[in-house]
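Student: no sequence for this one, just the structure:
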């Protein structure tokens, strides 16, 4: 699996005219779609199936957006909801969008189709921008729509990522909180709309210190289980002087929780040339040091433990980690 940029997504998208110029006949295209070599993603837009299936879900959706944009006529429609989130580089946390999402004024004539969902939304001019030359909702409006329509765990992952992106600006230390306030300002204007209360709760809970989608989903689920106070990216002085960082500390229980995603072991770009067994040895040495220095328990969890709150609760209970309600 790999991620791609929007410009790469555009290059992967093939239109019928270009295919015909390259010598494809209509029946060749139809046969390629039928036998699975080619995937039709919009009316006249195609992508080689093998290349499409090698992408992470967010990158697949970028290809779908690129195809929809290529067929978009000039007008008032803008990409929104999950589609805008992907354009902003936000994760969808296990949510696979079934269609490209676009918003347009209610008075415009609009019809949806299986690969394209159109929303009648009243957008302020301040809620519309561009990404990669494509019209879409602003980061704040995108977060508002995602957090009120997707499951809360997915909303938290997107909101954490947005706040993390904002706080990376060294010249603007208040950018992260200003981003949060912008979303909550939309919430005040849209009070009473569908999912508004959930969106406010999710955005208020979000924390830009979270460093991965898995951490974000885990933290929300831990809160659902009754754990109340968290510290994120907790520093622990390492043997060589540099800090180790632990994903989450359950403060009331004095327990560390580490999200252990398989991608850091399997993705060659993240391994930076190191062998898996070397990485595992370093992880064991790091974990032993953290336990020894802090005298605190450390529990590792992965995606399989986040299937349901009950599964996560059972995992924690096996280590005698139970919330103090």
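Tutor: Cool, got the structure. Everything numeric here is computed off the predicted structure, so don't read it as measured data. Numbering: from 1, shown residues only.
Student: Just want the phi and psi numbers for the spatially most central residue of the chain.
Tutor: Ranked by distance to the mean C-alpha position of the chain (CA atoms, centre = their mean), the top residue is residue 91 at 0.8 Å. When quoted as degrees, to the nearest 10, the phi and psi of residue 91 stand at phi -80, psi 160.
Student: now it, nearest residue through space, not along the chain?
Tutor: Once flanking residues are discounted, residue 91 sits nearest to residue 213: 4.4 Å by CB to CB, 6 or more residues apart in numbering. The way it works is simple: take the backbone N, C-alpha and C, and place the C-beta from them, glycine included.
Student: Residue 301 versus the one you found, what's the distance?
Tutor: Distance, residue 213 to residue 301, using CB to CB, to the nearest Å: 13 Å.
Student: what's around the closest residue to residue 36 other than its chain neighbours, how many residues?
Tutor: Excluding its sequence neighbours, the residue lying closest to residue 36 (CB to CB, 6+ apart) is residue 49, at 5.6 Å. The tally of other residues near residue 49 (other CB atoms under 10 Å) stands at 15.
Student: Over to residue 100?
Tutor: 25.
Student: That one touches residue 66, doesn't it?
Tutor: No. If you go by CB atoms under 8 Å, residue 100 and residue 66 don't touch, sitting 9.7 Å apart.
Student: And residue 82, how far from residue 318?
Tutor: According to CB to CB, residue 82 stands 35 Å off from residue 318.
Student: For the two, indicate the residue with more neighbours.
Tutor: Just comparing residue 82 and residue 318: by other CB under 10 Å the higher neighbour count belongs to residue 82, 28 against 9.
Student: mind listing what the more buried one touches?
Tutor: Shown in contact with residue 82 (CB atoms under 8 Å, 6 or more residues apart in numbering): 61, 92, 95, 97, 101, 146, 150.
Student: Let me see the domain layout of the chain.
Tutor: Structural domains annotated on the chain: 1-71, 72-208, 213-317, as defined by automatic domain parsing.
Student: per-residue pLDDT, the nearest residue to residue 176 once chain neighbours are set aside?
Tutor: Of all residues not flanking residue 176 in the chain, residue 167 sits nearest, at 3.9 Å (CB to CB, 6+ apart). Note on residue 167: pLDDT of 81.
Student: What does residue 44 show for phi and psi?
Tutor: According to degrees, to the nearest 10, residue 44 has phi -130, psi 30.
Student: for it, what are its contacts?
Tutor: By CB under 8 Å, 6+ apart, residue 44 lies in contact with 15, 16, 17, 71.
Student: for the stretch 201-325 of the chain, what spans make up the helices?
Tutor: With helices called from DSSP state H, counting those that start in this stretch, the stretch 201-325 of the chain shows them at 213-224, 263-266, 268-271, 276-294, 309-317.
Student: and the nearest residue to residue 58 once chain neighbours are set aside, how many neighbours does it have?
Tutor: Leaving aside its chain neighbours, residue 58 sits nearest to residue 86 (5.1 Å; criterion: CB to CB, 6+ apart). Burial of residue 86 is recorded as 29 neighbouring residues (other CB under 10 Å).
Student: Please state the offset of whatever helix or strand residue 86 lives in from the chain centre?
Tutor: According to DSSP states H and E, residue 86 maps onto helix 81-87. Here helix 81-87 is found 9 Å from its chain centre; the criterion is CA atoms, centre = their mean, to the nearest Å.
Student: Which strands and helices lie in contact with the helix or strand just after that helix?
Tutor: Next in sequence after helix 81-87, counting helices and strands by DSSP H and E, comes strand 100-104. For strand 100-104, the packing partners by 3 or more CB pairs under 8 Å, 6 or more residues apart in numbering; DSSP states H and E come out as helix 57-71, strand 78-79, helix 81-87, strand 116-120.
Student: picking up where we left off before, so of the helices of the stretch 201-325 of the chain, which one's packed in deepest?
Tutor: Across the helices of the stretch 201-325 of the chain, averaging neighbours per residue (mean count of other CB atoms under 10 Å) puts helix 213-224 on top, at a mean of 23.
Student: What ranges in the chain fall below the confidence cut-off?
Tutor: Along the chain, segments meeting pLDDT under 70 span 106-112, 261-274, 325.
Student: mind listing what residue 148 touches?
Tutor: 155, 193, 194, 195, 196, 198, 199.
Student: show me where the stretch 151-300 of the chain has strands.
Tutor: Counting by DSSP state E, counting those that start in this stretch, the stretch 151-300 of the chain has strands at residues 230-237, 243-250, 255-259, 297-301.
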